[in-house]
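A.B. asks: Structure of the sequence below:
(2 chains)
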Number of protein chains: 2
Amino acid sequence: MAELTKKEIVKRLHDLGVDLKKNVDDLKDPHITIPLRTLANAYFDKKDRMIKLGERTQTRTFFNVGQSKKFMQTALVASQIKQLLEQDKPAISTRQLYYILKHSIEGTKENTFDDQATESDPVIEDVEVTINALREQLGLEATPSGVISGPLKYEDLKTDDIIDCSKMGSAGAAIPPNTEPHVVKFKECKADFILVVEKFAVWNLLNQSKFWKKHNCILMTGKGQAARSDRRLVSRLAKEYKIPVYVFADNDAYGYYIYSVYKQGSINLAFFSEKAACPDAKFIGLKTGDIKKFDIAKSNWIKLEGHDLKRLKEISKYEWFQSKEWQAELQAMKDFGYKVESDALVSKSIEFMADTYLPRVIKEKNWLD
Amino acid sequence: MAELTKKEIVKRLHDLGVDLKKNVDDLKDPHITIPLRTLANAYFDKKDRMIKLGERTQTRTFFNVGQSKKFMQTALVASQIKQLLEQDKPAISTRQLYYILKHSIEGTKENTFDDQATESDPVIEDVEVTINALREQLGLEATPSGVISGPLKYEDLKTDDIIDCSKMGSAGAAIPPNTEPHVVKFKECKADFILVVEKFAVWNLLNQSKFWKKHNCILMTGKGQAARSDRRLVSRLAKEYKIPVYVFADNDAYGYYIYSVYKQGSINLAFFSEKAACPDAKFIGLKTGDIKKFDIAKSNWIKLEGHDLKRLKEISKYEWFQSKEWQAELQAMKDFGYKVESDALVSKSIEFMADTYLPRVIKEKNWLD
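C.D. replies: Residues are numbered from 1 along each chain as shown, chains lettered A, B, ... in the order given. Presented below is the predicted three-dimensional model:
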């Protein structure tokens, strides 16, 4: 899918319209068949170890009072996207697309759209899955959040700049809003692995310690829950260069979940998850047993509160946390009753994280999979 | 202040300790004199047009049951910062400093610190104002959020990389967590002005349209409310290159406030605001009168809700919004009853913002000051 050209995407959108017109010409009820994006149609594929969208579809028809507005909205979105692509317009945000499409329908008091979150965004996702292309390929870009440093060079095909992520200073390279192959063309990646760090402050410490240089890796952070383009970048690098991904997140239910989103995606964005997953990613943050193993002072443990326990219970039920090792870890955390942030490792020494903890965990393969 | 060297900062921290030791040697109550960071001691300086910290101070003494713990914490923070600076350690976050300092006091059940937000962070700010240096100069860095593009080159003194913000692709250059002169050394800036954009999606559109190239400007976004290093970077560029700053934010109370923070800072961070203000910045977003002037379709107006009106009322009382022009604008918005996001300009055409709106507003000086 990554190699879909713009021409092919325009063709798919065009065909969608041709089919609709044929319905009209044949005096049939115009309809679009759309893969179902409901939770019930998302599943964890045990073989490929990622969340996927199932095979079920819905049919959206025009002559159906309950569906006709949404039908009109779907046709509007598909047609507008096609037009923007054909005219080589800059990529826009889903909010901007909403503003472009929102207008009152002539002769009525009705608007095409009244709300972005409940109306235009879901329809954009419908169009994505229907033509099997990510929104970034359709010229829709989200706000990125991450930064990256390390031995990676890519060409930005929108500007023809060569970005050398080993020369980006203390800021690192900003991850662009679109990391699809039609924008980010990898030129060279000499890294042995990718270290994905949950928090910027931890990334900053490792970047200043030249961790990526010493260990010949790519050092990336999504600053918490990663944005779409951050995830796609990591996924593409892992796949195209066949290098392992290590996720350094907090020792708590939230850190574990962030790891799992990089690894196998999320149910809400099942369609995207297939394209952005890193099924071989390992969790190399602190595990409950490591707190005593690495002698983290008790003053730096944080007592689990109600919301921690609730989240812990939730993730312990997710299918992708069912391995014996993960179940044991989740139970151990609950029994122990404390969590520890990655940041707390600085209490050992500023260098401990970069010089002791991470090299040792990676060498000993003391990770969770 | 920007030119304070590390040696001078260490000296100031050292002197703080020497003074305390002298108190002890003289059998006096050890005490530190700290500028007051209360709201009552922050004020809007009408002449310099920025928020400043007043002259009032407090004395924190050791032999005072209500102050002794905070006294101890202040000494701990100052001493730890001095040590990290002397040892040339990488910069850390305020959370990491909290973890380094937090420990149980020998022979007691008491911790040095129990909470970051209410204990270590305020003490860090006390140390900043006491020695009159920003935390970034003390080796404490916050998470940055912004990106920048345009004819600006700087040297990153932490890594010796030269960052050319005109060659950073569709991502733009990530703004580093520390933009003080000891990290960011400007090499060249050929821009005629700085365009600060509230939202990433708007920045992205302008960046793709090569706005900065066509109009020879620096194009920056802080992605909403700007981070410290983003604000310092804009402020330094404006001061050192004597170029105007235009803020393109939303036509609503929140956008107006974001503009005002870039311009004159905020009361909460009055000490920082003096160093990060851009008192000549102009607001070039949509004003209420522009909605009809530029014929923005009514379907793209958003009705003001309770929280909008509340915020509008609040900012209309701020001293730095007291000009006749701003008061008229705030009243006009209230009377009109609608707000319009910058994003809505795309409904005119994708190019409207870059090719019509911004050039026209700047040419006609149709801004608010």
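
A.B. asks: what are the ranges of the helices in the stretch 201-350 of chain A?
C.D. replies: Assigned by DSSP state H, counting those that start in this stretch, the stretch 201-350 of chain A shows helices spanning A:211-214, A:228-241, A:253-264, A:270-276, A:288-293, A:306-317, A:324-336.

A.B. asks: rank those helices by pLDDT, which is bottom?
C.D. replies: Set side by side, the helices of the stretch 201-350 of chain A differ in mean pLDDT, and helix A:270-276 is lowest with a mean of 91.

A.B. asks: and the helix or strand that contains A:Leu84, which residues are buried?
C.D. replies: Using DSSP states H and E, A:Leu84 sits within helix A:68-86. Going by neighbour count (16 or more other CB atoms under 10 Å in any protein chain shown), the buried part of helix A:68-86 is A:70-82, A:84-85. To be clear about C-beta, it is placed using only N, CA and C from the backbone, and glycine gets the same treatment.

A.B. asks: between the helices of the stretch 201-350 of chain A, which gets nearest to chain B?
C.D. replies: Within those, the stretch nearest chain B is helix A:228-241; the backing value is 9.0 Å (CB to the nearest CB).

A.B. asks: got the CA positions of the closest one in CSV?
C.D. replies: C-alpha atoms of helix A:228-241 as CSV (Å, rounded to 0.1, in the frame of the first residue of the first chain):
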residue,chain,number,x,y,z
ARG,A,228,0.4,9.5,13.4
SER,A,229,3.5,10.6,11.4
ASP,A,230,5.8,9.7,14.3
ARG,A,231,4.4,6.1,14.4
ARG,A,232,4.6,5.7,10.6
LEU,A,233,8.2,6.9,10.6
VAL,A,234,9.2,4.3,13.2
SER,A,235,7.2,1.6,11.5
ARG,A,236,8.7,2.3,8.1
LEU,A,237,12.3,2.4,9.4
ALA,A,238,11.8,-0.9,11.3
LYS,A,239,10.4,-2.6,8.2
GLU,A,240,12.5,-1.1,5.5
TYR,A,241,15.9,-1.5,7.3
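
A.B. asks: elements contacting it?
C.D. replies: Judged by 3 or more CB pairs under 8 Å, 6 or more residues apart in numbering or on different chains; DSSP states H and E, the packing partners of helix A:228-241 are strand A:184-189, strand A:193-197, strand A:217-221, helix A:253-264, helix A:270-276.

A.B. asks: Report the inter-axis angle for it versus helix A:253-264.
C.D. replies: Here helix A:228-241 runs at an angle of 50 degrees relative to helix A:253-264 (axes from the mean of the first three to the mean of the last three CA atoms, to 10 degrees).

A.B. asks: How about the residues of the stretch 51-200 of chain A by chain B?
C.D. replies: Contact residues (CB under 8 Å from any CB of the partner chain) of the stretch 51-200 of chain A with chain B: A:84, A:89-93, A:95-96, A:99-100, A:102-104, A:111, A:141, A:143-144, A:147, A:156, A:158-159, A:161, A:163, A:167-178, A:183, A:200.

A.B. asks: Return a PyMOL selection command for the buried portion of these.
C.D. replies: Here is the PyMOL command that selects only those of those that count as buried (16+ other CB under 10 Å):
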select buried, chain A and resi 84+89+90+91+92+93+95+96+99+100+102+103+141+143+144+147+156+158+159+161+163+168+169+170+171+172+173+174+175+176+177+178+183+200
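
A.B. asks: Just the ones of the residues of the stretch 51-200 of chain A next to chain B in helices?
C.D. replies: A:Leu84, A:Arg95, A:Gln96, A:Tyr99, A:Ile100, A:Phe200 (DSSP state H).

A.B. asks: Now for the fifth one: which residues touch it?
C.D. replies: Read it as A:Ile100. A:Ile100 makes contacts with A:Gln80, A:Ile92, B:Val346, B:Ser347, B:Ile350, as judged by CB atoms under 8 Å, 6 or more residues apart in numbering or on different chains.

A.B. asks: Can you tell me which of the residues you listed is closest to A:Ile267?
C.D. replies: Using CB to CB, A:Ile92 is the member of the contacts of A:Ile100 that lies nearest A:Ile267, at 27.2 Å.

A.B. asks: doesn't A:Ala142 make contact with the closest one?
C.D. replies: No - using CB atoms under 8 Å, A:Ile92 is not in contact with A:Ala142, being 10.8 Å away.

A.B. asks: circling back to that earlier point, among the buried residues of helix A:68-86, which pair sits farthest apart?
C.D. replies: A:Lys70 and A:Leu85 (22.5 Å).

A.B. asks: Can you give me the first-to-last residue distance of stretch A:353-367?
C.D. replies: Stretch A:353-367 has its terminal residues 15 Å apart, counting by CA to CA, to the nearest Å.

A.B. asks: what comes up buried for it?
C.D. replies: Across stretch A:353-367, burial judged by 16+ other CB under 10 Å covers A:Met353, A:Ala354, A:Tyr357, A:Leu358, A:Val361, A:Ile362, A:Trp367.

A.B. asks: which two from these end up farthest apart in space?
C.D. replies: For the buried residues of stretch A:353-367, the farthest-apart pair by CB to CB is A:Ala354 and A:Trp367; their separation is 17.2 Å.

A.B. asks: Find out how far the lowest-mean-pLDDT helix or strand in chain A is from the centre of the chain, if you would.
C.D. replies: Scoring the helices and strands of chain A by mean pLDDT, DSSP states H and E places helix A:270-276 at the bottom, with a mean of 91. The chain centre lies 8 Å from the centre of helix A:270-276; the measure is CA atoms, centre = their mean, to the nearest Å.

A.B. asks: what's the answer for stretch A:31-40, then?
C.D. replies: 21 Å.

A.B. asks: Could you pull out the buried residues of stretch A:318-336?
C.D. replies: Within stretch A:318-336, judged by 16+ other CB under 10 Å, the buried ones are A:Tyr318, A:Trp320, A:Phe321, A:Trp326, A:Glu329, A:Leu330, A:Met333, A:Lys334, A:Phe336.

A.B. asks: Spatially, which two of those are the most separated?
C.D. replies: Farthest pair in the buried residues of stretch A:318-336, by CB to CB: A:Trp320 and A:Phe336, 22.6 Å.

A.B. asks: Identify all contacting residues around stretch A:19-27.
C.D. replies: If you take CB under 8 Å, 6+ apart as the criterion, stretch A:19-27 is touched by A:Asp29, A:Pro30, A:His31, A:Ile32, A:Ala75.

A.B. asks: if you look at these, which of them are in helices?
C.D. replies: A:Ala75.

A.B. asks: circling back: and the helix holding A:Leu84 with helix A:94-101, angle?
C.D. replies: Per the same axes, to 10 degrees, the angle that helix A:68-86 makes with helix A:94-101 is 100 degrees.

A.B. asks: In contact with A:Lys334, which residues are there?
C.D. replies: A:Leu304, A:Leu309, A:Leu312.

A.B. asks: A:Tyr259: what's it in contact with?
C.D. replies: Going by CB under 8 Å, 6+ apart, A:Tyr259 touches A:Val247, A:Ala249, A:Ala281, A:Phe283, A:Gly285.

A.B. asks: any chance of the residues you listed in JSON lines, plus pLDDT, neighbour count and distance to B:Phe63?
C.D. replies: Output for the contacts of A:Tyr259, formatted as JSON lines (pLDDT from 0 to 100; neighbours: other CB atoms under 10 Å in any protein chain shown; distance: CB to CB, whole Å):
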{"residue": "A:Val247", "pLDDT": "98", "neighbour count": "28", "distance to B:Phe63": "50"}
{"residue": "A:Ala249", "pLDDT": "98", "neighbour count": "26", "distance to B:Phe63": "45"}
{"residue": "A:Ala281", "pLDDT": "98", "neighbour count": "24", "distance to B:Phe63": "56"}
{"residue": "A:Phe283", "pLDDT": "98", "neighbour count": "25", "distance to B:Phe63": "50"}
{"residue": "A:Gly285", "pLDDT": "98", "neighbour count": "27", "distance to B:Phe63": "44"}
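
A.B. asks: Can you tell me which of those is nearest A:Leu13?
C.D. replies: A:Ala281 (33.7 Å).

A.B. asks: Thanks a lot, catch you later.
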